[in-house]
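> Need coordinates for the following:
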Amino acid sequence: MSGGTFGRRCRIVAAIVACTAGLVSGPGLWSRAAAADAGGVTGCTATALRLTVRGLGDAAGSSYYSIDLTNMSSRTCTLEGYPRVSFVSAPDGHRLGARAGHDPVYPGRRVILRSGRGAHARLRVGTAPDYPVAACHPVTVRWIRVRVRAAAGSLYASFAGTTCELPATPILSVARLQPGWGA
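All right, here's what the predicted structure looks like:
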C-alpha cells in the first residue's frame, strides 16, 4: 500500500472513530464573523436558501444525513460555522429533544454561495431505541429545523424518524458547513 493510500485510509478511520465516539464540541453555534459582511457579500438568509435533507447511510448505531443548502436568490451570500439543527413538532413548532451538538471532524471555512450553488453539513442522528426509555422518552419526528446564522430565520424540511424527547440525551451532532452538496 502506498503512503498516500495509507494516509487517506488513516484519515477516514479517524473520522469514523470521531463520529462513533460522539465527539461534540464548540462554544457557539455559528461564528460571529458569519454575521458580518465578507468583502461586501452578506450572510445568507433563510429566504435565500432551499433546504434539502438526504440520507447517506447507517453505521455504528447512527444514521447519517446531508443537510444541503442551495442559494436560490440572484445575489451571492456567505455561510460559515455550524448550522443550528433540531427536530421540531411542526414548522414553527416546539423543539423535540436536544439541539445538535458540534462534530469537529471537518475544519471550518467561510463558504461563498453564488446563485444556484450549494453548501452542506453532515448530520449524525443516534438511534433513539438504543437509549433506555427512562433516559430518552422516544417520540416520533416529522420535521427538522435548520438555522444558518443568528437572525437569518429558520428553514424546515419534513423528516421521518424517532428522537429522545429529553433534552439531556443528545442524539444529534452536526459538522461544519462545507462547499458543495453532500455526497
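
> switch to C-alpha atoms for all contacts and neighbour counts from now on
Noted.

> Now H94. Nearest residue, chain neighbours left out?
Among residues not flanking H94 along the chain, V88 sits closest, at 5.5 Å (Cα to Cα, 6 or more residues apart in numbering).

> Against A119, how distant is the one you found?
V88 sits 22 Å away from A119, taking Cα to Cα, to the nearest Å as the criterion.

> Y131 too?
Distance, Y131 to A119, using Cα to Cα: 32 Å.

> Mind checking which of the two has more residues around it?
Applying other Cα atoms under 10 Å to Y131 and A119 shows that A119 carries more neighbours, namely 22 against 16.

> and that one, what is it in contact with?
Counting by Cα atoms under 8 Å, 6 or more residues apart in numbering, A119 makes contact with D68, L69, T70, V111, L113, L177, Q178, P179, G180, W181, G182.

> and the fifth one, what is it in contact with?
Okay, so that is L113. T70, N71, T76, C77, T78, L79, A119.

> for this protein, what spans make up the strands?
49-59, 62-71, 77-79, 84-88, 95-96, 101-103, 111-113, 118-126, 138-147, 155-164, 172-175, 178-179 (DSSP state E).

> nearest to G40, of these?
In terms of Cα to Cα, the element of the strands of the chain nearest to G40 is strand 77-79, at 9.4 Å.

> Mind giving me the packing neighbours of the closest one?
Contacts defined by 3 or more Cα pairs under 8 Å, 6 or more residues apart in numbering; DSSP states H and E place strand 77-79 against strand 111-113.

> 10 Å instead?
Applying 3 or more Cα pairs under 10 Å, 6 or more residues apart in numbering; DSSP states H and E, one finds that strand 77-79 contacts helix 32-35, strand 62-71, strand 111-113.

> Let me know the average pLDDT across it.
Per-residue pLDDT values over strand 77-79 give a mean of 94.
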